[in-house]
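# Let's see this in three dimensions:
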Amino acid sequence: MTQGASAKHPARTGAKSQLTTVPKVRLYVEQPEEKQWFVHVGHVTERGRWRTEPHAHPEYGQLIFVRSGRGVMNLEGSSVPFEGPCALLLPTECVHGLDYEYDADRWVVTIEVSYLAQVNARLHEFIALWASPRVIALSDSDATGIDVYNIIRSLALEVESDAIGHVTGTEALLTLLLLKLLRETSLDETGNETGSRHDVRVVERFRKLIDEHFRENLPLQDYASMMAISLVQLRAACTSAAEQSPTKMIHARIITEAKRNLIFGDMSVEQIAFGLGFADAAYFTRFFRREVGQAPSQFRAAARQQQPQKKASSQ
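Below is the predicted model of the structure:
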């Protein structure tokens, strides 16, 4: 079974749901649905093999500490092996499936997206750390794995506590946990976001708007207006903090969604094109080929050949 603790936080409002071929799931918390939380810590104690199909949880970021055992992660259609002790860092919207081998001991820390943004804002390297999914190996030092384990156990106790200052204590332990993992990840792996703190925050806001509107083919000026900055400021911030133009960032998000639909869904290329806001499937195909180097149908065929075969799971 899954044992866990969670801390409460005001509910978010105004979230938009969008059609997708990738399952979007809520957290498996053994508590009434109306009880709100911002951090949940669970210890998975099932014995035997455990497999989850590819899915995403857009409202949460997730950190899985594999204390012992091994497995394979289906990450955006690619197979990524892992072996404990290690940490799997899964940003919001990241499409992943997990196939644990027998008796993997793992702790799952799930963080509500708005609260994660608050914590990340305290250190811009945290934003870079969460910019893409990653496996952080901790096997080079037994002490590091023990430290991470002790922090997570303390975090589980703190979020369950009703003691004075437990929210502050939760944030302190979560920050310490992320800092520990950041220091185990080389600077190159965390990305190249070298801009000022202000530029990093501008880019983070821009990325959130892209996630909400990338299907709408909005002009860049609309994004700048929503952020109450000039187009020149938006371009400068993206160049400084993300080393990409705003247009390139939008295109990258469209391509990510297109790849997910091609790998995990059964829609035709034409249906995918229309779902992404393209009025012409032929134009979508040219766009995809220019960005990826393959036509959508070629990419789908090649990606599905690499997909792991489904296996029956046991508990």
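# where does the stretch 151-300 of the chain dip in pLDDT?
Along the stretch 151-300 of the chain, segments meeting pLDDT under 70 span 186-196.
# which stretches of it form helices?
Secondary structure of the stretch 151-300 of the chain (DSSP state H, counting those that start in this stretch): helices located at 166-183, 197-213, 220-226, 231-241, 246-264, 269-275, 281-292, 296-305.
# can the ones you listed go into TSV with extra columns for distance to I111?
All C-beta spots, glycine's among them, are computed from the backbone N, C-alpha and C. Below are the helices of the stretch 151-300 of the chain laid out as TSV (distance: least, Cβ to Cβ, whole Å):
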stretch	distance to I111
helix 166-183	7
helix 197-213	15
helix 220-226	25
helix 231-241	22
helix 246-264	21
helix 269-275	29
helix 281-292	31
helix 296-305	30
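# Ok, which of those comes nearest H96?
Set against H96 and scored by Cβ to Cβ, the helices of the stretch 151-300 of the chain come closest in helix 246-264, at 11.1 Å.
# Which positions within the closest one qualify as buried?
246, 249-251, 253-255, 257-264 (16 or more other Cβ atoms under 10 Å).
# For it, give me every contacting residue.
20-22, 54, 76-77, 95, 206-207, 210-211, 214, 220, 223, 234-235, 238, 242, 244, 267, 269, 272, 275-276, 284, 287-288, 291-292, 296, 299-300, 303-304, 307 (Cβ atoms under 8 Å, 6 or more residues apart in numbering).
# Name the SS class of D103, please.
With DSSP: H, G, I helix; E, B strand; the rest coil as the basis, D103 sits in coil.
# Leaving out sequence neighbours, find the closest residue to it.
Ranked by Cβ to Cβ, 6 or more residues apart in numbering and with sequence neighbours excluded, the top spatial neighbour of D103 is R47, at 5.3 Å.
# Look up phi and psi at the residue most central in space within the chain.
In the chain, the centroid-proximal residue (Cα atoms, centre = their mean) is P91; its distance is 1.5 Å. Geometry field for P91 lists phi and psi as phi -70, psi 170, criterion degrees, to the nearest 10.
# what number of residues lie near the nearest residue to it once chain neighbours are set aside?
Nearest residue to P91, sequence neighbours excluded (Cβ to Cβ, 6+ apart): W130, at 4.9 Å. Counted with other Cβ atoms under 10 Å, the neighbours of W130 add up to 25.
# W130: what's it in contact with?
W130 touches G61, L89, P91, L116, N120, counting by Cβ under 8 Å, 6+ apart.
# Quick check, I127 in contact with R207.
No: the criterion here is Cβ atoms under 8 Å, and I127 misses it with R207 at 9.4 Å.
# quick one: which of the two has more around it?
Higher neighbour count among I127 and R207: I127, with 23 against 17, using other Cβ under 10 Å.
# would you list the contacts of W130 in TSV and tack on pLDDT?
What follows is the contacts of W130, written out as TSV (pLDDT from 0 to 100):
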residue	pLDDT
G61	93
L89	95
P91	91
L116	88
N120	84
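# Could you find the closest non-adjacent residue to L178?
That would be F126: by Cβ to Cβ, 6+ apart, it lies 5.6 Å from L178.
# can you pull the pLDDT of that neighbour?
We have a pLDDT of 88 for F126.
# May I have the residues that are in contact with it?
V119, N120, L178, L182.
# Please identify which of those is nearest to R134.
Among those, L182 lies closest to R134 (Cβ to Cβ), at 10.9 Å.
# how close does the closest one get to T256?
Going from L182 to T256 by Cβ to Cβ, to the nearest Å gives 24 Å.
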